[in-house]
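J.: Here is my input; please provide its structure:
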Amino acid sequence: MPIFAAAQCCVNAGDISENIRRHLFFMKVAHENNVQFLMFPELSLTGYEPTLAGTLAQETDTLLIEPLRMYAQELKMTTVIGLPLRMKESEKPVIAAFILHADGEMTVHTKQYLHAGEDQYFSAGAGGHLLEIGDISVALSICADFSQPTHAADAAEAGAKLYAASVLIGDSGYSNDSSILAGYAKTHHMAVLMANHGGPTGGWSAAGRSALWNESGQIVAATSGPGDQLLVISKEGGGWQGSVVSVEVSELILH
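T.: Just a heads-up that it's a prediction; the model follows:
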């Protein structure tokens with residue numbers, strides 16, 4: 001069975017080069033824990049910085065993420081990273097998850113629903129297809145997507161067995177948002193994995209506490225608050241298991 005992980009990372013505002021280094025380190029640690037699918041939080045390569053998004057937005061063929069794509073291929077680890085995407089058909093950038101597949105291919109999933117005020121800086125996207133990781137179908141969700149019940153319902157209807165949400169959730173919103181995600185897990189009998197930011201970004205104090213809920217809506221494992229941590233999960237014998245790995249990003253020992 002495949003092993004999944006949520007990369008709860010702290011990011012530097014607008015510093016894509018430094019954040020790539022951090023991502024590479026997280027990927028190294030994930031590989032050491034036999035992970036085959038690694039998901040970073042929303043806009044993980046730039047931080048959640050709406051006022052900078054227009055300047056930082058990239059095309060789908062950007063060479064900036066080439067080190068990450070090549071490393072994902074080398075490790076044979078599908079890796080989901082966050083970046084504002086510039087599209088010809090959209091006046092403003094969209095919030096995107098760049099999916100670096102284990103075979104070296106790259107596809108994009110875009111955020112369909114925006115929080116109040118985000119439309120000042122972003123355009124809504126069109127979502128994307130399910131991912132097949134081993135024998136588990138995975139549906140991606142980018143933050144406000146899960147605020148719409150139809151998003152999770154459509155994912156379940158399409159056959160998703162894991163609803164993977166990359167988010168930015170602060171302390172004040174964590175109780176409500178985590179209850180929503182747990183509810184989706186129970187309602188749709190679909191495990192839910194959430195990757196939150198590990199530190200401040202865009203003026204928000206991220207709560208961390210990335211988590212996995214099983215198909216009964218019960219929490220299986222979660223990180224212990226903010227900070228650089230890796231939540232590693234797997235399904236064995238019909239049930240989900242999880243553990244938390246502390247990630248010492250200060251070392252930045254890259255291959």
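J.: got the contact list for M106?
T.: M106 sits next to 60, 65, 69, 98-100 when contact means Cβ atoms under 8 Å, 6 or more residues apart in numbering. (Each C-beta comes from the backbone N, C-alpha and C, glycine too.)
J.: And the helices in the stretch 151-255 of the chain, which stretches?
T.: In the stretch 151-255 of the chain, the helices defined using DSSP state H, counting those that start in this stretch lie at 171-188.
J.: What are the buried residues along the one helix or strand S137 maps to?
T.: Taking DSSP states H and E as the criterion, the element that holds S137 is strand 136-142. Within strand 136-142, the residues that count as buried by 16 or more other Cβ atoms under 10 Å are 136-142.
J.: And the residue nearest to the spatial centre of the chain, how far from E236?
T.: The residue lying closest to the centre of the chain (Cα atoms, centre = their mean) is S166, at 3.2 Å. Per Cβ to Cβ, to the nearest Å, S166 is found 25 Å from E236.
J.: how close does D119 get to K92?
T.: Noted for D119: a distance of 8 Å to K92, by Cβ to Cβ.
J.: and the two? which has more neighbours close in?
T.: Summary of the neighbour comparison: D119 and K92, criterion other Cβ atoms under 10 Å, with K92 having more neighbours (18 against 11).
J.: hang on, that one is in a strand, isn't it?
T.: No - counting by DSSP: H, G, I helix; E, B strand; the rest coil, K92 is not found in a strand; it is coil.
J.: isn't it right next to Y121, touching?
T.: Yes - applying Cβ atoms under 8 Å as the test, K92 and Y121 come out as touching, 6.3 Å apart.
J.: ok, which stretches of this structure are strands?
T.: Read by DSSP state E, the chain holds these strands, from start to end of the chain: 3-8, 37-39, 78-85, 94-100, 106-110, 131-133, 136-142, 162-166, 191-195, 211-213, 219-222, 229-236, 239-246.
J.: Per-residue pLDDT of E49, please?
T.: Each residue has a pLDDT score; the one for E49 is 97.
J.: Phi and psi next, for it.
T.: Summarising the backbone geometry of E49 under the convention degrees, to the nearest 10, its torsions are phi -130, psi 80.
J.: I'd say it and G14 touch.
T.: Yes - contact between E49 and G14 holds when scored by Cβ under 8 Å: they sit 5.7 Å apart.
J.: tell me, what's touching the two both at once?
T.: Common neighbours of E49 and G14, using Cβ under 8 Å, 6+ apart, are L56.
J.: quick one, what contacts the residue nearest to the centre of the chain?
T.: 39-42, 44, 80, 82, 97, 140-143, 195.
J.: buried set for stretch 16-26?
T.: With burial defined by 16+ other Cβ under 10 Å, the residues of stretch 16-26 counted as buried are 16, 19-26.
J.: could I get the contacts of M106 as JSON lines with distance to T107?
T.: Below are the contacts of M106 laid out as JSON lines (distance: Cβ to Cβ, whole Å):
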{"residue": "T60", "distance to T107": "9"}
{"residue": "I65", "distance to T107": "13"}
{"residue": "R69", "distance to T107": "11"}
{"residue": "F98", "distance to T107": "8"}
{"residue": "I99", "distance to T107": "5"}
{"residue": "L100", "distance to T107": "9"}
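J.: Great, nothing more from me.
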